[in-house]
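Asker: here's a sequence, model it:
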Amino acid sequence: MERPIEVLMCGSRTSVKGGITTVVESFLRHEFNSAIRLTYIPTHTEKGKVFNSFYFGVKLFAVAAHLVLRQPAYVHLHMSERGSFIRKYILFHLGKSADSQVVVHTHGAEFKQYYLEASLNRKKQILRLLKEADRVIVLGESWERILQEIEPATNTEILMNAVPIPVHLRNVTDKAVLSILFLAVLIERKGILDLIEAAVEFLPEAERAGKEVQFNIAGDGELMEQAKRLTETLGIGEKFAFHGWIGPEKKEELLRQADLFVLPSYNEGLPLSILEAMSFGIPIISTDVGSVDEAVIDGVNGYLIQPGDREALTESLVSCLDESNLEKMGAVSRELAKQKFDEQLYFEKVEAMYRAK
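Answerer: This is a model prediction of the structure:
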């Protein structure tokens, strides 16, 4: 019997909140062909620096033991920036020393800025990892260009994020109420405060069009209380529902209710939340950052604006008061999700990559 292809994957513990965890969970959930055997060893937690340093040390021994005993063909590392890069740089060297092929799966929305601001020694480490990794997975063409500008010898492979495509679409219940969903961690770079400021100008326009509006804000983070206070200060608190961090069932419920998805981020990779919304047939308003433009086509299945442009955000929201326009864009979102971001197609590419050694 042919020996299975052993894959060792490393990233954060699945209790850590965020898009990378969602990607990792999709790998753990996927039923790989019997010729591929995946083992996951988390090397990071949601706890503090002291605990994480100890945790990483312990997991480092676990990784080393796995490399010796199982001799995996691949070491697949999920990497962003800062501490994530430092951990993966160490694991990259371990994997190379064990003669495994090292696949670096990049997710960092701020990786370019991290490189530009890094010390000379850190820059050298980044360049070495990009040059010597057997494959560097990027989320789209824009991120491929960025990494190849940093290190032209990077062996990039585009593997855009993907989501399961739901059989049933969203529930259209009350045409008089426009349900707008924001689904992200509440930090400055996700643009939550820009959305609230834009809502002040948008809501009177919606009222003149005879539309009730409900903003559903799903996610927690350092700006949660500030965002809540801002809605109250601006007199629009009753239009915003803050749900905090939500589980899969609540997320599906909000997606099925949503008429429009908004994520006015300042930088991104390729947000899974946008792809999830598209899979439910929801139009998108987002920013032209990262690889978002490979999912959102301006004026076709949503609108792309520049980060921080609150006036353009308001105008895009107003454009979505046109019900027929909203329905057409939602239908395109669904088709694009099926054609480009279907999880089934994604794992066909992953399995082909693992078999390519």
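Asker: and stretch 83-91, what's its mean pLDDT?
Answerer: Average pLDDT, stretch 83-91: 97.
Asker: what do you get for stretch 341-356?
Answerer: In the prediction, stretch 341-356 has an average pLDDT of 94.
Asker: for that stretch, the distance to its chain's centre please.
Answerer: Taking C-alpha atoms, centre = their mean, to the nearest Å, one finds the center of stretch 341-356 at 18 Å from the center of the full chain.
Asker: and it, what's buried?
Answerer: Within stretch 341-356, the residues scored as buried using 16 or more other C-beta atoms under 10 Å are 341-343, 346-347, 350-351, 353-354. Quick note: C-beta positions are derived from backbone N, CA and C, even for glycine.
Asker: now the helices: where do they sit in the stretch 201-350 of the chain?
Answerer: Assigned by DSSP state H, counting those that start in this stretch, the stretch 201-350 of the chain shows helices spanning 224-233, 248-257, 272-279, 310-319, 323-340, 343-355.
Asker: residue 26: which of these is closest?
Answerer: Nearest to residue 26, of all the helices of the stretch 201-350 of the chain, is helix 343-355, at 6.4 Å by C-beta to C-beta.
Asker: the closest one versus helix 323-340: what angle between them?
Answerer: Angle, helix 343-355 to helix 323-340, by axes from the mean of the first three to the mean of the last three C-alpha atoms, to 10 degrees: 30 degrees.
Asker: so where's the stretch 1-150 of the chain uncertain?
Answerer: 1-2 (pLDDT under 70).
Asker: residue ranges of the helices in it, please?
Answerer: 19-29, 49-70, 83-97, 111-117, 120-132, 141-150.
Asker: the ones you listed: which one's closest to residue 12?
Answerer: When the helices of the stretch 1-150 of the chain are compared by C-beta to C-beta, helix 19-29 sits nearest residue 12, at 6.2 Å.
Asker: nearest the geometric middle of this protein, what residue?
Answerer: Per C-alpha atoms, centre = their mean, the C-alpha nearest to the average position across the chain is that of residue 271, at 3.2 Å.
Asker: isn't that residue up against residue 19?
Answerer: Yes. Because the distance of 6.3 Å satisfies C-beta atoms under 8 Å, residue 271 is recorded as touching residue 19.
Asker: joint contacts of the two?
Answerer: Counting by C-beta atoms under 8 Å, 6 or more residues apart in numbering, the shared contacts of residue 271 and residue 19 are residue 161.
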